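Visitor: Take this sequence and fold it.
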Amino acid sequence: MSSITINLGDAFLIDTPPNGQHLYIAIAQTSDNNYLFVNITTRKPNSETACILLPGADVPNFIVHESIVAYQYAREMDATTLAGLITSGSPIPKGTCSLSALSKIQQGGLISKRLKNKYKTVLKNYLFK
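Guide: Residues are numbered from 1 along each chain as shown. All right, here's what the predicted structure looks like:
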């Protein structure tokens, strides 16, 4: 499969084991070819609340109820790897965040207790370069 174009704030529906499809948003470029993606999921009682997203014009229309960024599931990928994981038949990208929503997600990553240190470092390096 060929690679695809990634812009910060783009959301992609990807197949992730074991439960199928999850929404991931590109929040930082970590190298020439790699990007940091975070997972968006439904808020649960034990969810980290570093970044809560509500449905609206700022977020992809895929978000239809209160959701959180699950920073513990962050991953770094290049466009070719991402292309191989995108759910068959899903629009590419699935949606796009506004600049303000993207900034909110990035800032949430800086305060998250669940974002891996290596990803927190690359996010800081990206935001403060």
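Visitor: Can you show me the helices along this protein?
Guide: Applying DSSP state H to the chain gives helices spanning 79-85, 99-111, 117-127.
Visitor: want to try JSON lines for the ones you listed, with mean pLDDT and mean neighbour count as columns?
Guide: C-beta here means a position set from N, CA and C on the backbone, and glycine is covered the same way. Listed next are the helices of the chain as JSON lines, based on pLDDT from 0 to 100; neighbours: other C-beta atoms under 10 Å:
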{"stretch": "helix 79-85", "mean pLDDT": "86", "mean neighbour count": "16"}
{"stretch": "helix 99-111", "mean pLDDT": "96", "mean neighbour count": "17"}
{"stretch": "helix 117-127", "mean pLDDT": "95", "mean neighbour count": "15"}
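Visitor: Serialize the ones you listed to CSV and add fields for distance to Gln72.
Guide: Converted to CSV, the helices of the chain look like this (distance: least, C-beta to C-beta, whole Å):
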stretch, distance to Gln72
helix 79-85, 18
helix 99-111, 11
helix 117-127, 10
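Visitor: What's the per-residue pLDDT of Ser3 here?
Guide: Looking at Ser3, its pLDDT stands at 63.
Visitor: Poorly predicted segments of this protein, please.
Guide: Within the chain, the segments meeting pLDDT under 70 span 1-3, 18-19.
Visitor: Residue for residue, what is the longest strand it has?
Guide: strand 67-78 (DSSP state E).
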